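*Asks:* Structure here, sequence nowhere to be found:
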C-alpha cells in the first residue's frame with residue numbers, strides 16, 4: 001500500500017501582468033494506491049537492492065551545446081525551424097539582413113543560410129531514429145489481359161523503428177516525474193471509491209501485467225504498453241487531393257497531462273500506403289481486399305521489432321536515470337469508426353467491440369474476442385460470417401501476429417471524431433437546422449438560423465475561447481471549430497427549439513465533459529451513464545419532428561514542403577523536429593535552459609492610465625471609488641475586526657493619497673489537467689481589464705470570486721466583472737486589488753433545461769451598480785457568461801464586445817472549458 005499526493009484543484013497562482021505575484025491558493029488531497037512490483041536493475045539486467053541510486057549520466061559539460069556553439073545558436077534554430085516554421089527562402093533573407101548588421105562589427109549570425117541550419121540540426125545524434133521504407137505489391141491471381149494498374153504497382157510504406165522511438169520516450173528526462181512504472185489501482189481516501197486517472201490505473205493494464213507475470217522470467221519487469229493511432233489525412237483538396245496516412249505511437253506509462261501538453265509524448269512512426277485505382281476497379285472485391293490486407297500487413301511489419309520484447313524482457317534506461325527490465329505490449333488503438341471497421345475486420349454498420357446486430361446496436365450482446373472470431377472463421381462460410389456476425393472472414397488482423405493482443409479489446413474511441421465532430425457537429429447541429437426547416441417555412445427557418453448565428457457572434461470574449469464573427473456559417477469545419485462551438489451553442493438555440501432539444505444538447509455536452517475528466521471515479525461513471533440515458537430520451541424530439549438521420553506531424557510539414565514529392569521532405573521535417581525536442585530535453589536535464597537569453601522588455605501600456613485614486617474614479621466613472629478604497633484598506637489592515645463596514649464610522653477608514661499602478665490584465669495559474677495544460681497539469685489563463693483590446697473595443701472579463709469556500713460549486717462562488725486591476729503600497733506592504741461589479745445569482749439552483757446557473761448585474765438599494773474593491777487573492781479564475789437570449793431576436797448591430805452590457809440575465813457557461821465544468825455546478 002502507498003499514498004500519492006494529488007496536485008491542488010484550486011487556482012495555484014494569480015499574477016498581475018507585470019510579474020506581480022500573489023499568494024497561492026489550493027489544497028492537497030490524498031488517495032490510496034495498490035501497486036504492482038517493479039525493480040531497478042543495472043545495464044545488464046541484474047536487479048539492484050532497493051534504494052540504489054541511478055548511475056551517473058554521461059559526462060557532459062554544462063556549457064556543451066553540441067552541435068551548436070552556444071545557447072543563442074540552439075534557440076535560434078529552434079525558433080526558425082520549430083516555432084515559426086520559417087521557409088528556407090525567408091531564413092536566408094533573415095540571415096542576410098542579420099549578417100549585414102553584424103558586418104561592421106566583424107561578426108556573423110549563428111548560421112550562414114538555411115542549409116547550414118539544416119546540417120547543424122541533422123548532425124545531432126539525439127532523437128535520431130532514421131526513416132526506412134519497404135515496398136508491397138499485389139501477389140494474387142491476375143487476369144491474362146488488361147491487368148489493372150493497381151495489381152502491378154509497388155506501394156511504399158515509410159516507417160521508423162518503433163522500438164527505438166519507445167526507448168527514446170522512456171529515456172526522456174522531461175518525463176521522469178510524469179511516468180507510471182507499474183499498473184495500480186487507486187481509491188479515494190474520503191469514501192474508498194475506485195477512481196481512474198492515467199492509463200496505468202485501468203483494469204486492462206493490471207490484467208496484462210497479471211498475464212505477463214505468469215512467466216517467472218518477467219517478474220520485476222516494467223510493463224510498457226504501446227498505444228497506437230492513425231488517421232488518413234487530406235492536406236489539399238484543390239491541388240490534387242493529396243492524402244497521407246500517418247501512424248502514431250505513444251506509451252501508456254506517460255501520464256495524460258504530458259500527452260496533452262507535450263508533443264514529444266506522441267511520435268509519428270510511419271506513413272502507410274494508400275492504394276488507388278480508377279472508378280472501374282474501385283468496387284472490385286480483389287482491390288478492396290488487397291487494400292485492407294495491405295493495411296494490416298504493413299502494421300505487422302512496422303511493429304515487428306517490438307515483438308521479441310513482448311515475451312522476453314529487455315533492459316532500457318529511463319528518464320530518472322535508472323535501468324529497468326521492460327516488457328512491451330500492444331495497447332489501445334485510437335481510431336474513428338471508419339478505421340475501427342478496418343482494424344476489426346468487420347462489416348460497416350456493425351459494432352467493433354460486441355456482437356450486437358447492425359439494426360439494433362443498443363441491444364445486449366456478447367463482446368467480440370479473438371478466440372470466438374477464430375472459431376467462427378474456422379467453421380462458417382464467408383457469407384454466414386458477413387451476414388450473421390458482421391465479420392470479413394478473409395482478412396487477418398495485424399494483432400494476430402503478436403502475443404496478448406486482441407484487436408476487439410484494443411479498439412478505443414476517438415473522442416474528437418466520434419463525439420465532438422460526429423455526435424455534435426454532424427448530427428445535433430445538422431438536426432437543429434432540419435428541425436427548423438420542418439417546423440417553419442423556409443424563410444422563417446432561415447431567419448431563425450440567422451438569429452442563432454448572431455447570438456453565437458455576440459458571445460463575449462473569453463481566454464482560450466475563439467470568436468465566431470459569422471456564427472456557425474463556415475464551410476469546412478475543423479475539430480477545433482467543433483470544440484469551440486460546443487462551448488457556446490446551447491444558449492444560442494434556446495427559444496428557437498423545444499426544451500427537449502435543449503436538454504438533448506445539455507446531456508451530450510455533459511457526457512463529453514465527464515468522459516474527458518482527468519480523474520474518473522465510480523460516481524463519474526454513474527454520471528456518464530445518466531447523461532447517455534438522458535440524451536437518448538430527449539433526442540426523440542428530433543424523431544417526433546421528422547428529423548433523421550491533424551495533425552502537426554502531417555499538415556504543417558506538408559505546408560512547409562515544395563508540394564512536389566512532399567513525403568520525403570515531410571519525413572526530414574519530422575526528424576529535425578524530433579532532434580530539436582531531444583536536444584531541448586537534454587539541455588534542460590543539464591540545467592542549461594533556466595531563464596531566457598535576454599531579459600524580457602515589458603510592453604508599454606496601450607494608453608496613459610490614471611496614477612491616483614481620484615483620477616481612476618474619473619476614468620472609470622465611479623465617484624465613490626475613494627470611499628471604496630478606504631473601506632478596502634480598513635479590511636486589509638484590520639482583518640479580525642468583526643464589525644460590518646456599515647457599522648464603522650467613516651473617520652476610522654484610513655486615507656490613501658499616493659500613487660497607484662494599473663494593469664491591463666492578470667494571469668491566473670491553476671490545476672486543470674482535463675484541459676490542454678503543461679506538464680503537471682497546470683494551466684495559465686489571462687483575465688483582461690483593458691479600455692482598448694486589440695485596437696477594437698474595451699474588454700472587461702468576468703471572474704469567479706471565492707465568497708464561501710466551505711460550500712461546493714456555484715454556492716461557494718459569486719460572479720463579478722473586473723473593471724480594473726491596480727496595486728498600491730502602504731506601510732511597506734503592496735496591495736494588489738481589483739475594482740469589480742457584482743452579479744447576483746438568480747435562484748438557488750441551475751436552470752432545468754440547460755443545466756447552467758443564471759446571474760444578473762447587481763444593484764444597490766438606490767439602483768446604482770453594486771461595485772467593490774477586492775484583493776486579487778479572492779479571485780478564483782475567469783468566468784464566461786452568455787446572455788439568456790430567450791425567444792427574442794437580437795439586433796444585427798450587436799457585437800460580442802457589447803454582450804456584457806446589453807442583457808438583463810446571463811448563463812454562467814460551465815462548458816467554456818473542462819475546469820469550469822468541474823466547478824460551476
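*Replies:* Thanks, I have the structure now. Predicted model only: the values in this text are computed from it and were never measured.

*Asks:* Only C-alpha atoms from now on, for both contacts and neighbour counts.
*Replies:* Will do.

*Asks:* What values do phi and psi take at residue 129?
*Replies:* Geometry field for residue 129 lists phi and psi as phi -120, psi 110, criterion degrees, to the nearest 10.

*Asks:* and it, how many neighbours?
*Replies:* Burial measure for residue 129: 19 neighbouring residues, criterion other Cα atoms under 10 Å.

*Asks:* Equivalent analysis for residue 801, please.
*Replies:* Using other Cα under 10 Å, residue 801 has 19 other residues around it.

*Asks:* same question, residue 368
*Replies:* Residue neighbour count, defined by other Cα under 10 Å, stands at 20 for residue 368.

*Asks:* And for the one 10 residues further on?
*Replies:* Look at residue 378: counted by other Cα under 10 Å, it has 10 neighbours.

*Asks:* show me the contacts for the closest residue in space to residue 520 that isn't next to it in sequence.
*Replies:* In this structure, residue 520 finds its nearest non-sequential neighbour in residue 196, 5.1 Å apart by Cα to Cα, 6 or more residues apart in numbering. Residues counted as contacts of residue 196 (Cα atoms under 8 Å, 6 or more residues apart in numbering) are 185, 186, 202, 519, 520, 521.

*Asks:* Would you reformat those residues as JSON lines and include secondary structure, distance to residue 743 and pLDDT?
*Replies:* What follows is these, written out as JSON lines (DSSP: H, G, I helix; E, B strand; the rest coil; distance: Cα to Cα, whole Å; pLDDT from 0 to 100):
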{"residue": "185", "secondary structure": "strand", "distance to residue 743": "43", "pLDDT": "90"}
{"residue": "186", "secondary structure": "strand", "distance to residue 743": "40", "pLDDT": "89"}
{"residue": "202", "secondary structure": "coil", "distance to residue 743": "43", "pLDDT": "91"}
{"residue": "519", "secondary structure": "coil", "distance to residue 743": "31", "pLDDT": "88"}
{"residue": "520", "secondary structure": "strand", "distance to residue 743": "32", "pLDDT": "90"}
{"residue": "521", "secondary structure": "strand", "distance to residue 743": "33", "pLDDT": "91"}
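
*Asks:* for the stretch 51-200 of the chain, which spans come out with low pLDDT?
*Replies:* Counting by pLDDT under 70, the ranges of the stretch 51-200 of the chain that qualify are 59-61.

*Asks:* all strands for it, in order.
*Replies:* Listed in chain order, the strands found in the stretch 51-200 of the chain under DSSP state E, counting those that start in this stretch are 131-137, 154-160, 184-188, 194-196.

*Asks:* centre of the chain versus the third one, how much separation?
*Replies:* Between the mean C-alpha point of strand 184-188 and the mean C-alpha point of its chain there is a distance of 24 Å (Cα atoms, centre = their mean, to the nearest Å).

*Asks:* What of the last one?
*Replies:* For strand 194-196, the distance between its averaged C-alpha position and the chain's averaged C-alpha position is 21 Å (Cα atoms, centre = their mean).

*Asks:* which residues sit in contact with the nearest residue to residue 367 once chain neighbours are set aside?
*Replies:* In this structure, residue 367 finds its nearest non-sequential neighbour in residue 354, 4.1 Å apart by Cα to Cα, 6+ apart. Contacts for residue 354 (Cα under 8 Å, 6+ apart) come out as 365, 366, 367, 368.

*Asks:* again, only this time at 10 Å
*Replies:* Going by Cα atoms under 10 Å, 6 or more residues apart in numbering, residue 354 touches 361, 364, 365, 366, 367, 368, 369, 389, 408, 409.

*Asks:* Take the strands of the stretch 51-200 of the chain and write them to a markdown table, including distance to residue 640.
*Replies:* Output for the strands of the stretch 51-200 of the chain, formatted as a markdown table (distance: least, Cα to Cα, whole Å):
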| stretch | distance to residue 640 |
| --- | --- |
| strand 131-137 | 68 |
| strand 154-160 | 66 |
| strand 184-188 | 36 |
| strand 194-196 | 41 |
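
*Asks:* Let me know which of these is the nearest to residue 108.
*Replies:* Across those, the minimum distance to residue 108, taken as Cα to Cα, is reached by strand 131-137, at 34.1 Å.

*Asks:* packing partners for the closest one?
*Replies:* Judged by 3 or more Cα pairs under 10 Å, 6 or more residues apart in numbering; DSSP states H and E, the packing partners of strand 131-137 are helix 149-152, strand 154-160, strand 267-271, helix 285-302, helix 566-589.

*Asks:* for the stretch 251-400 of the chain, which spans come out with low pLDDT?
*Replies:* Confidence mapping of the stretch 251-400 of the chain against pLDDT under 70 gives the ranges 260-263.

*Asks:* could you pull out the helices for it?
*Replies:* Taking DSSP state H, counting those that start in this stretch to define them, one finds helices in the stretch 251-400 of the chain at 256-261, 279-282, 285-302, 337-344, 370-379, 382-384.

*Asks:* Residue 319 is nearest to which of those helices?
*Replies:* Closest of the helices of the stretch 251-400 of the chain to residue 319 is helix 256-261, at 13.8 Å (criterion: Cα to Cα).

*Asks:* Low-confidence ranges, the stretch 451-600 of the chain, go.
*Replies:* Within the stretch 451-600 of the chain, the stretches falling below the threshold (pLDDT under 70) are 472-479, 546-570, 590-600.

*Asks:* For residue 494, find the nearest of the helices and strands packed on strand 131-137.
*Replies:* Closest among these, once you apply Cα to Cα, is strand 267-271, at 42.7 Å.

*Asks:* so what strands line up beside that closest one?
*Replies:* The sheet places strand 267-271 alongside strand 154-160 (antiparallel), strand 246-251 (antiparallel), with pairing taken from DSSP bridges.

*Asks:* Reformat those strands as TSV; add distance to residue 625 and mean neighbour count.
*Replies:* Shown next, in TSV, are those (distance: least, Cα to Cα, whole Å; neighbours: other Cα atoms under 10 Å):
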stretch	distance to residue 625	mean neighbour count
strand 154-160	65	20
strand 246-251	56	22
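
*Asks:* how about the helices in the stretch 601-750 of the chain?
*Replies:* With DSSP H, counting those that start in this stretch as the criterion, the stretch 601-750 of the chain has helices at 613-620, 625-637.

*Asks:* how long is stretch 489-503 end to end?
*Replies:* 12 Å (Cα to Cα, to the nearest Å).

*Asks:* mind listing what's buried in that stretch?
*Replies:* For stretch 489-503, burial by neighbour count (16 or more other Cα atoms under 10 Å) applies to 489-497, 499-503.

*Asks:* now stretch 88-95
*Replies:* In terms of neighbour count (16+ other Cα under 10 Å), stretch 88-95 has its buried residues at 88, 91, 92, 94, 95.

*Asks:* how far is that stretch from where the chain is centred?
*Replies:* Relative to where its chain is centred, stretch 88-95 has its mean C-alpha point 33 Å off (Cα atoms, centre = their mean).

*Asks:* do the same with stretch 356-372
*Replies:* Between the centre of stretch 356-372 and the centre of its chain there are 32 Å (Cα atoms, centre = their mean).

*Asks:* likewise stretch 683-692?
*Replies:* A distance of 21 Å separates the C-alpha centroid of stretch 683-692 from that of its chain, computed with Cα atoms, centre = their mean.

*Asks:* As TSV, the helices of the stretch 251-400 of the chain with distance to residue 618 would be great.
*Replies:* Converted to TSV, the helices of the stretch 251-400 of the chain look like this (distance: least, Cα to Cα, whole Å):
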stretch	distance to residue 618
helix 256-261	44
helix 279-282	73
helix 285-302	69
helix 337-344	60
helix 370-379	75
helix 382-384	83
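
*Asks:* All set, thanks.
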